[in-house]
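S.K.: Structure of the sequence below:
(chains A and B)
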Amino acid sequence: MSTHAISIALVGSGGSGVMTAGSLLLEAAGRAGLYGLMSRSSGPQIRGGEAAALLRISTHPVFCLGDRFDLLMAIDWLNAERFAAEIPLDRNSFIAGGDGVPDEFSASGAACREVSFKTLAEQGGAGIRPNMLALGLVGAAVGLPPEQLEEVARKLVGRKGEEAVQASVSALSIGAANAALLDGLERFDIGDQGSKELWNISGNESAGLGAIRGGVRFVAAYPITPATEMLEWLAPALERVGGTLVQAEDELASVNQLIGASFGGTPSLTATSGPGFALMTESIGLAVASETPIVVVDVMRGGPSTGIPTKGEQSDLNIALYGLHGDAPHVVVAPFSVSDCLFTTQWAVHLAESLQTAAIVLSDQSLGQTRSVIPKPADVSFNTRRVLQTETRENYQRYAAVAGGVSPMALPGLAGCQYTADGLEHNARGIPSSRVEDHANQLDKRRDKLTSYDYGDHWAHVDGDGPLAIITWGSSLAPVTEAVEALAPEGIVVRVIAPRLLMPVQPERMAEALEGVEVALVLEQSHGAQFFHYIRAFYAPECELHSAARPGPLPIRPGDVINEIRRHWRWS
Amino acid sequence: MVMTGGEAAETMLKPKDYKSDTKPVWCPGCGDFSVLAAITRALSALSIAPENVAVVSGIGCSSRIPAYLDTYGFHGVHGRALPLATGLKIARPDLCVLVASGDGDGFSIGGNHFLQACRRNVDVTYIVMDNQVYGMTKGQASPTTEPDWDHSKLTPHGTRINPFYPLVLALASGANFIARASSSDPNGAAKVISEAIEHPGFSFVQVLSPCVTFRPEQREWKKIVRPAPIEATTDPAAAARRLMTDDNFYLGVLYKGSREPFEPEIPARLATERELEEEFCV
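M.R.: Numbers count the residues shown, from 1 in each chain, chains lettered A, B, ... in the order given. Below you'll find the predicted structure:
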């Protein structure tokens, strides 16, 4: 039987290797020419806690998890019930694992298939790991070619020596030989998938690559979940291209290190999450006031305070938009997908450098920690160039009022143009000043350079027409897009508007996008409806406006969006 | 190592060539005037071209110094001068980077950065003008204020907590050069600062710089300070004994370490962005 998408959840306690099995399953699917994604969910423990690899594998590119899972496979059931809300099952689903299926799962009516990893392991020699048995079993059951599974396993285990490789290969084949345990699960019909250029990349890696493509060569950062993987990828990658990553003592230090490096002429970026971002806000204002380009990527997690570090939420919108003290115009952008993390981060570097300001990228856990097999992202070049003062000049004025507001920046080393960058309000030369006219001029300069810039079509994703619109942002776009596509055959037409550029606002473009809309639904993953209030405050749409806001950590699923649309659909 | 202004400049650069035309906001008699003079004398003695010098500071009276110098400068936020200077020096190892701070900015709000900068040992020179008081906010106790100083409305009974000893902390945290100077002796201070600049790694210079407005009794410091009757030691254990028994008024270079400064790794061959992408190809 051929199918479009299969959703699989692998759960187990810490050390059971479900994340490894999930990653290998995804990689093998990619090698077989399929698309897919895997998001991670885990409990709060550092090691030994429950973990879930949530996969969706498809014959077409997928950008979010589905509404339900076809299969829940448990290496063990320890604390697995904590994921019940994140792994919706139904009568057509399968539950596979040892006995003791938690009621939270069995109540779904899914078919339970007993799989004893202990018994299966006994069929092989020493070193048989249950996660590899599970991989062989699931891989074969959904129709992935065994040679692809073996290849990805060899690649991973290879460095542990031949014995470990043999144990893995043996586990895979025992698993595959028992695939009948999952009879009834849908299978992919792996035919000739043609030659596709596919990437297997996480949102955090994608953003890291976007940073390097944008020209970033200095990163200072402090470890924080769920942004750390971006830094871990960047550390060796930056070194290879001649850049540097410094692990700073805290986020106060990291953001200030960026400002120093950027003042010296090196495009600079950091990645953090809510608590670290909050610490940085004072100095992001310094970057704005001193007109020193920096980029801060906030991989959002559940808040407030320490919140839910391992799970996502779109609730740092307010602090990103309004968290700086004083009138501090800056750039805020948000990527839509794993692939778009690359583009949007690269664009953010371009905007920060071109406009000599701070740019904030609002990614989130569900993008950052999701690994995705996607079509190779397009190569984009912005030809980024900071406006520099390159020649000695009498009476150089670092903060001169110039057309467009972006005044040439002298870098240390250029004789005759010495100036002091300052967080104190200053005059055109950079001399501290509390005079009314200097304050007014510099405020205007810092605002006008952002508002007069042409952000082009990158400002938003706008698709479709009709009187019903959904306005959304960031990672919520993917389930919206899928829902709208699913409803199209019914004749339900929904316009989708998702700004990638959140600050500065683009009232004319938004008005154009909203032309003819009678009802708009503002959809987001925040308890306080932060995006809804932002849309109302800055765009004041004249249409009927509804809020569909709910907190994390549950992802917004296409089915949730379909329900919302049906509630507001009134044109037949 | 820093870039110098070349032969012609070496004979020509005078202290005044490093001064800007901006008038300081300091009170008449403030010790910081002397420190400003000492910095310009040190730079001129080393003949470092002004455009190759960057002076970074935070917030406070002493942190106003960058604007009074005709070098590059960054007057940042309170307490964060050291991280900013760290980023700058790592990105631009060709520059001579000085950091100017005070006892509040450097030891209180910026205290952790002080310890970490000593550890990291990036080649910058940290000059802290210590007057044991917050001057800019009009006279509050700082981490180096005596516990019974009760002249602040904020701590009417004194702080009742012990001051800490920055030189001891610097040594314990790994600073590569530790010295004390006094604003009452700008020539001596200039000599110490130029030695600090020349010494590789993180150099820390505490300059006793009286606040004549909120601590007028500090005018007496000039009668108490005297050169340390010793040579700079390279032995941290000996330095620790000296600093722990120090009365905080001995001047001079007290410790010179030989740790390698922190510098980024530079690969022999740079990878292309295309090569970085290979790992993602399925």
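S.K.: Would you mark the buried spots in stretch B:174-189?
M.R.: For stretch B:174-189, a neighbour-count test (16 or more other Cβ atoms under 10 Å in any protein chain shown) marks B:174-186, B:188-189 as buried. Quick note: C-beta positions are derived from backbone N, CA and C, even for glycine.
S.K.: buried residues in stretch A:366-376?
M.R.: Under the neighbour-count criterion of 16+ other Cβ under 10 Å, stretch A:366-376 has A:S366, A:L367, A:G368, A:Q369, A:T370, A:R371, A:S372, A:V373, A:I374 buried.
S.K.: my guess is the third one meets A:E229, correct?
M.R.: What that stands for is A:G368. Yes: contact criterion Cβ atoms under 8 Å: A:G368 and A:E229 qualify, at 7.0 Å.
S.K.: Need the overlap of contacts for these two.
M.R.: A:S202, A:N204 (Cβ atoms under 8 Å, 6 or more residues apart in numbering or on different chains).
S.K.: Now residue 202. Nearest residue, chain neighbours left out?
M.R.: Just so you know, I chose chain A. A:R371 (4.6 Å; Cβ to Cβ, 6 or more residues apart in numbering or on different chains).
S.K.: wait, I meant chain B there
M.R.: B:F202's closest residue in space is B:N121 (Cβ to Cβ, 6+ apart), at 4.8 Å.
S.K.: what's the answer for A:I201, then?
M.R.: B:F280 (4.6 Å).
S.K.: residue ranges with poor pLDDT in the chain?
M.R.: Chain wasn't specified; assuming chain A. Applying pLDDT under 70 to chain A flags residues A:1-3, A:193-194, A:571-572.
S.K.: that answer is for a different chain, and I need it for chain B
M.R.: Low-confidence segments of chain B (pLDDT under 70): B:1-11.
S.K.: which residues are contacting whichever helix in it runs longest?
M.R.: Criterion DSSP state H: the longest helix present in chain B is helix B:32-46. The contact list for helix B:32-46, computed with Cβ under 8 Å, 6+ apart, reads B:2, B:4, B:13-19, B:24, B:26, B:50, B:53, B:55, B:61-62, B:64-65, B:68-69, B:71, B:96, B:98, B:100, B:127, B:129, B:181, B:183-184, B:186-187, B:189-191, B:193-194, B:197-198, B:207, B:209.
S.K.: are any of the residues you listed buried, and which?
M.R.: Among those, the ones that count as buried (16+ other Cβ under 10 Å) are B:2, B:13, B:15, B:18-19, B:26, B:50, B:53, B:55, B:61-62, B:64-65, B:68-69, B:71, B:96, B:98, B:100, B:127, B:129, B:181, B:183-184, B:186, B:189-191, B:193-194, B:197, B:207, B:209.
S.K.: Can you sort out which of the residues you listed also neighbour chain A?
M.R.: Residues of those in contact with chain A (Cβ under 8 Å from any Cβ of the partner chain): B:P50, B:V53, B:V55, B:R64, B:L69, B:T71.
S.K.: ok, now which ones touch A:G30?
M.R.: So A:G30 contacts A:G36, A:L198, A:N200, A:V373, B:V282 (Cβ under 8 Å, 6+ apart).
S.K.: Mind picking the one among those that's closest to B:G106?
M.R.: A:N200 (47.7 Å; Cβ to Cβ).
S.K.: how about the strands of the stretch 101-250 of chain B, start to end?
M.R.: Shown for the stretch 101-250 of chain B, the strands assigned by DSSP state E, counting those that start in this stretch span residues B:125-130, B:177-182, B:203-208, B:226-227, B:250-256.
S.K.: Tell me the strands beside the third one, with direction?
M.R.: What that stands for is strand B:203-208. strand B:125-130 (parallel), strand B:177-182 (parallel) (DSSP bridges).
S.K.: So what touches it?
M.R.: B:31, B:35, B:38, B:118, B:124-131, B:166-167, B:170, B:175-184, B:189, B:192-193, B:196-197, B:218, B:221, B:225, B:249.
S.K.: Then the fourth one?
M.R.: Residues from elsewhere that reach strand B:226-227 (Cβ under 8 Å, 6+ apart): B:G188, B:F249, B:Y250, B:L251, B:G252.
S.K.: got it, and the last one?
M.R.: Contacts to strand B:250-256, defined as Cβ under 8 Å, 6+ apart, come from residues B:167, B:171, B:175-182, B:185, B:188, B:192, B:195, B:199, B:225-230, B:232-234, B:236, B:239, B:242-243, B:246.
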